[in-house]
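Colleague: Sequence first, predicted coordinates after that:
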Amino acid sequence: MTGRATLGRMITEARDVVVFTGAGMSTESGVPDFRSPGGVWNRMKPIPFHEFVGREERRREAWTRVFSGAAGWTGATPNAGHHAIAALVAAGKISLIITQNVDNLHQESGVPPERIVELHGNAGYAACLECGLRHELEDLRAPFVTRGEIPNCRSCGGLVKAATISFGQPMPLAAMDRAEAAARTCDLFIVLGSSLVVYPAAGLPLLAKREGARLAIVNREPTDQDRYADLVLHDEIGAVLGELVAA
């Protein structure tokens, strides 16, 4: 039996599938990852959270990046892998998607937002760092681009930041709690396109495995957790999942 067929059988036999997606999930949509040669951090260094909060010039630089589309996910559309996951969610096979990605492509593929846990936030909107109020990027664009006004909260006046998690910014506790709970109770945990080097998120597959779940990893490159997995496929995600859904 081929590796793809084995993954299909594992999904069919499972009662509760949790999917964990990383940057490799979206590279097939043309979204650059962060660490590879030519990736986002090779082209521009990250702005740590303390610098965003403490220095106006760094906030201005951060907002310039947002509205220039410099990170590369502006205009990206879901790929075959995203659509296959959405189909498996609709069929009742996948209970939850835990994602490290901030590109909103799972939602755009048709997955209900309540079935998605975003560990690193979402680049599609902004939020006040004081009161948490959501701000739409289009409402902030013109004042910044035409008048140079760095966004502040329309409610409390606090600093507003793209709703992604920066280096040094606390992880969203509610999201991690929900992700850990799902990892503990699922019987199949599938990693798609993650190098599994960013913790604490990278600890979730091993947590699921310790709690008795089967572990499958689909990633183009080997990971440090391959030796713990029940199935490893070094393959393209869209091709693998698309074949399973079409079968």
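Modeller: Structure's in. What do you need?
Colleague: What sits closest to Ile150 if chain neighbours are left out?
Modeller: Distances taken as CB to CB, 6 or more residues apart in numbering put Arg59 closest to Ile150, at 5.3 Å, once the chain neighbours are dropped. (Glycine included, C-beta is placed from N, CA and C.)
Colleague: and the one you found, what element?
Modeller: helix 56-68 (DSSP states H and E).
Colleague: What of Thr77?
Modeller: In the assignment (DSSP H and E), Thr77 maps to no helix and no strand.
Colleague: returning to that earlier point: identify each buried residue in the helix holding Arg59, please.
Modeller: Within helix 56-68, the residues scored as buried using 16 or more other CB atoms under 10 Å are 59, 62-63, 66.
Colleague: can I get those residues in CSV with distance to Lys93 and pLDDT?
Modeller: CSV is the format used below for those (distance: CB to CB, whole Å; pLDDT from 0 to 100):
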residue, distance to Lys93, pLDDT
Arg59, 43, 97
Ala62, 39, 95
Trp63, 40, 96
Val66, 36, 92
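Colleague: if we can go back for a sec, ok, now which ones touch the residue nearest to Ile150?
Modeller: Arg59 is in contact with 52, 150, 159, 161, counting by CB atoms under 8 Å, 6 or more residues apart in numbering.
Colleague: Same check on Pro112?
Modeller: By CB under 8 Å, 6+ apart, the residues touching Pro112 are Val89.
Colleague: Outside of whichever helix or strand comes after the helix holding Arg59 itself, list whatever touches it.
Modeller: Once the chain leaves helix 56-68, the next helix or strand it forms, by DSSP H and E, is helix 80-90. When contacts are defined by CB under 8 Å, 6+ apart, helix 80-90 is touched by residues 11, 17, 19, 21, 25, 28-29, 78, 94, 97, 105-106, 108-112, 115, 192-193, 237-242, 244-245.
Colleague: Can I get helix 80-90 as CSV, trimmed to CA atoms?
Modeller: Presented in CSV, the C-alpha positions along helix 80-90 are these (Å, rounded to 0.1, in the frame of the first residue of the first chain):
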residue,chain,number,x,y,z
ALA,A,80,-5.8,22.2,-3.6
GLY,A,81,-4.7,21.3,-0.1
HIS,A,82,-6.8,24.0,1.5
HIS,A,83,-9.8,22.9,-0.5
ALA,A,84,-9.3,19.2,0.4
ILE,A,85,-9.1,20.1,4.1
ALA,A,86,-12.3,22.1,3.8
ALA,A,87,-14.0,19.1,2.1
LEU,A,88,-12.9,16.8,5.0
VAL,A,89,-14.2,19.3,7.5
ALA,A,90,-17.5,19.4,5.7
